[in-house]
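# structural data only, the sequence is not supplied:
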RNA sequence: GGUCUGUUGGUGAAGUGGCUUAACACACCGCCCUCUCAAGGCGGCAUUCACGGGUCCGAAUCCCGUACAGACUACCA
C-alpha cells in the first residue's frame, strides 16, 4: 500500500488541499498592514495577561490598517467552559477591544471556531500522509509512560523521536490491518528535523533567539479526529493569512515545531512576536511568578470593574507596560489618546513585567483629574447603582451639590488628584452628606492636638459668613487668627514658636477637622460654601462634645 | 534531567561599545511655595548595571562560565 493509498484510505471523503487554498485567497490590504489575532481557548472570562495580549494585537492591527480577528481554539473539549467564548467576547468589548472579524462576528476566512474546521485540518493531514510526512501511531498512554520513565532514568531527552518513535517504521499494510481491527490511533508528524542543527530566529519582540531543529514526531491529530494546537495554528494562520502571531512567550519553546510545520506544509511562516508575561510577587514564597487567574484576584479583568477603576485607565496602564516609551510620550502629549501613539514590537518589554498596582492607581488619578465633574458624577452614579445602592441614592438626591464638590479645584493646570476609582468619591466626600456623617460614631481621628475650640466657636458664630470671595474669607481668618494669638507667617512662628498658639494653618486645620473629621480635604473655603449654616452649627457642637 | 528566555535603585524602566559622573515615571523621604488641604516646584533615593572571568585604548552594552528566576518538555492550549 502506498502512502497515497493510505491517505485515501484514512480520509476517503476529505477534499484536496487545493480546494481550501483556492477558497481562502490572499487578503487585499495596504502595504505593511498587520493581520493578527486573539486566539483563546473558551475557558471563560479573560485573564489580565490575555487582555494585555489582545490589547497589543488590536493596537498593532488598527494602527497599520490591518485586521484583528478572534479565533476560538476549542480543540480540547475537556477544558471548555459553558458560554466561555461568549464571556471572552464580552470582556473584550468591555475594554473596547472589538475584533473586526472572527467568532460570532463573521468574515471570509471562517469558520473561526476550530471544532468546525475539522475537515480543513484533515485535508492537510491527508496531504502530509500522502507525502510520507505523517503517519498513524498506535502507542498507548501506558506505553508512552514507560518510555518516558526509561528516558528519565537514562537522562535522555524526553519525547517521541528517533529510535523511540516506534510507529514511525510501521508498514502501511500493517497499519491498515490494525485500523481495520478498530485499534485507536493518532497521527504524528514524521519530523525531518535534525536536533544537532542550531539556527537563529528573529522574534519581533525577543530579538534573535537560538533554537535547535525540531526532531519530535509530535501529535498533529488526536484520536477524536481533532488537531492539536500546533497543527491547527499552522493551518489556520496560513489560511487566515495572519502576518503576525502575537502570543505569550510560553510558546517560544515550541517555535521549532511550528517552523517545521510551516515548512513541511509548504506555508510561509508568519512573523512571531512573543509577549512576556505579566508577573506578580508571590507574598508567600517571595518569588516572582506569572499572574494567576486562580490565585490572584487582580488577574481577572472583572476585578477592575469591581474596584471602580475606569476602563480607559486600565488601557492606559496596558499601553504603559506595552511599549516602554509610551509613558513618556503620553506625558509630553497629555491631550492625545492611546490611538494617537504608534506602538512598535521592539519597544515591548522582553522580560516579564511586575504588575504595579501603585502605578495603575496613579494613572487612574491622572485620568480622573482630566475629566469633568459631570462625567465623574454620571460614572460614579452608574457604578454605585451596581455596587453601593445606598450611596447611589444620595448621589441622586444631591446631584448639584455632588457635582459642585467634584468641581473643587478641578480643571486648570494643577487639578487635584485624589480620586483614582469611583468608590473614592465617597471616601473623599462622605462627610458632606449629613446622612453619612450621622452614621459615623465618634468620627474624629485627630483629636490629640490641643485645639482651642473657644476660638473656633467664636470664629464660626461671629466672623464666618457665606458668600464671600476666597480672598475675603482667608483675610478674615488671618485677621481673626492674628488677634487670637496665632502666627500669620511661617517665619514668625518658626522664629519663636513659644509666643503663639500656633500658625494660621493650625487654626485652619481645626476648622477642617471639625467639618470633615480629617486633616486632609479639598479646599476648605469651597467646602464651607457648600455647607448650610445649620449643619455648620451642628458640626461645631458635635466637635465640642467630642473634645 | 534537557531545551529556551531573562537578570539595570523599593517598582516600571531608558540604555544596542565612548555624549552615562546610568534618563524618565511611580512610590517613599526632605525642603520650598501658595500666609488652609491638595496640586505644583526643587532636592534625596543604583559611585553602579546578578556574580566571576575575558575581548578592547574604552563595556551596563560583545564573548565565556556560574548563580538565580521564569517558561516549555501532554492525544492542554
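Arrived safely. In this text, all values refer to a predicted model and were calculated from it rather than measured experimentally.

# can you list the residues of the stretch 251-400 of chain A near RNA strand B?
Selection of the stretch 251-400 of chain A residues close to RNA strand B by CB under 7 Å from any atom of the strand yields A:251-254, A:277, A:279, A:287-290, A:320-321, A:324-325, A:327-328, A:331, A:346-347, A:349-354, A:356, A:358-359, A:361-362. All C-beta atoms are positioned from the backbone trio N, CA, C, and that covers glycine.

# what subset of those is buried?
A:251, A:252, A:254, A:277, A:279, A:290, A:320, A:321, A:327, A:352, A:353, A:361 (16 or more other CB atoms under 10 Å).

# out of the residues you listed, flag the one nearest to residue A:191.
residue A:254 (13.0 Å; CB to CB).

# any idea how far residue A:535 is from the residue nearest to the closest one when sequence neighbours are not counted?
Excluding the flanking residues, the one nearest residue A:254 by CB to CB, 6 or more residues apart in numbering is residue A:230, at 6.5 Å. Distance of residue A:230 to residue A:535, given as CB to CB, to the nearest Å: 69 Å.

# those two: which is more packed in?
Set residue A:230 next to residue A:535 and count neighbours by other CB atoms under 10 Å: residue A:230 wins out with 19 against 14.

# that one contacts residue A:259, doesn't it?
No: between residue A:230 and residue A:259 there is no contact under CB atoms under 8 Å: 10.8 Å.

# overlap in contacts of those two?
Here residue A:230 and residue A:259 have no joint contacts, going by CB atoms under 8 Å, 6 or more residues apart in numbering.

# okay, now the domains of chain A?
Chain A breaks down into these domains under automatic domain parsing: A:3-15+A:118-275, A:282-369, A:373-432, A:453-546.

# how about residue A:435: what's its closest non-neighbour residue?
Using CB to CB, 6+ apart and skipping residues adjacent in sequence, the residue nearest residue A:435 is residue A:394, 6.1 Å away.

# buried residues of the strand or helix carrying that neighbour, list them for me.
Taking DSSP states H and E as the definition, residue A:394 sits inside helix A:389-397. Buried residues in helix A:389-397, counted by 16+ other CB under 10 Å: A:391, A:392, A:394, A:395.

# of the residues you listed, which is the nearest to residue A:483?
residue A:394 (39.3 Å).

# surely the closest one touches residue A:433?
Yes: counting by CB under 8 Å, residue A:394 does reach residue A:433; the two are 5.2 Å apart.

# for the stretch 251-400 of chain A, give me the ranges with low pLDDT.
A:283-287 (pLDDT under 70).

# can you give me the helices in it?
Using DSSP state H, counting those that start in this stretch, the helices found in the stretch 251-400 of chain A span residues A:255-265, A:302-307, A:311-322, A:326-332, A:357-369, A:373-387, A:389-397, A:399-406.

# does residue A:392 touch residue A:378 like I think?
No: taking contacts as CB under 8 Å, residue A:392 lies outside contact range of residue A:378: 11.7 Å.

# now the common contact residues for these two.
Joint contacts of residue A:392 and residue A:378 (CB under 8 Å, 6+ apart) do not exist.

# pLDDT on the helix or strand hosting residue A:208, on average?
Remark: residue A:208 resides in strand A:207-212, with elements defined by DSSP H and E. Regarding strand A:207-212, the rounded mean pLDDT is 89.

# between it and helix A:255-265, how big is the angle?
Our comparison of strand A:207-212 with helix A:255-265, counting by axes from the mean of the first three to the mean of the last three CA atoms, to 10 degrees, yields an angle of 80 degrees.

# following element in sequence after strand A:207-212, please.
Past strand A:207-212, the next helix or strand by DSSP H and E is strand A:219-221.

# next one: that next one, is it in contact with RNA strand B?
Yes: Strand A:219-221 reaches RNA strand B (CB under 7 Å from any atom of the strand) through residue A:219.

# now what about that strand, what contacts it?
With contact meaning CB under 8 Å, 6+ apart, strand A:219-221 is reached by A:121-122, A:125, A:128, A:134, A:137, A:186-189, A:227-228, A:230-231, A:261.

# and stretch A:262-276, which residues are buried?
Applying 16+ other CB under 10 Å to stretch A:262-276 flags A:262, A:264, A:265, A:269, A:270, A:272, A:273, A:274, A:275, A:276 as buried.

# before we move on, back to that, redo the helices of the stretch 251-400 of chain A as CSV? Include distance to residue A:158.
Below are the helices of the stretch 251-400 of chain A laid out as CSV (distance: least, CB to CB, whole Å):
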stretch, distance to residue A:158
helix A:255-265, 15
helix A:302-307, 38
helix A:311-322, 35
helix A:326-332, 41
helix A:357-369, 39
helix A:373-387, 50
helix A:389-397, 57
helix A:399-406, 61
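
# re the thing from before, for the residue nearest to residue A:254, which residues are in contact?
Residues near residue A:230 by CB under 8 Å, 6+ apart: A:218, A:220, A:254, A:257, A:258, A:261.

# the closest residue to residue A:71 other than its chain neighbours: how many residues sit nearby?
Using CB to CB, 6+ apart and skipping residues adjacent in sequence, the residue nearest residue A:71 is residue A:39, 4.5 Å away. Here the number of neighbours of residue A:39 (other CB under 10 Å) works out to 27.

# from residue A:15, how far out is residue A:39?
Residue A:39 is 24 Å from residue A:15, where distance means CB to CB.

# look up how far residue A:146 lies from residue A:238.
36 Å.

# show me what the residue nearest to residue A:159 when sequence neighbours are not counted is bridged to.
Leaving aside its chain neighbours, residue A:159 sits nearest to residue A:216 (4.8 Å; criterion: CB to CB, 6+ apart). Using DSSP bridges, the bridge partners assigned to residue A:216 are residue A:161.

# which outside residues touch the helix holding residue A:394?
If you take CB under 8 Å, 6+ apart as the criterion, helix A:389-397 is touched by A:377, A:380, A:381, A:384, A:385, A:402, A:426, A:433, A:435, A:436.

# return the residues of the stretch 401-547 of chain A in contact with RNA strand B.
Selection of the stretch 401-547 of chain A residues close to RNA strand B by CB under 7 Å from any atom of the strand yields A:409, A:414-418, A:470, A:474-475, A:478, A:488-490, A:503-505, A:508-509, A:512, A:519-525.

# all set, thanks.
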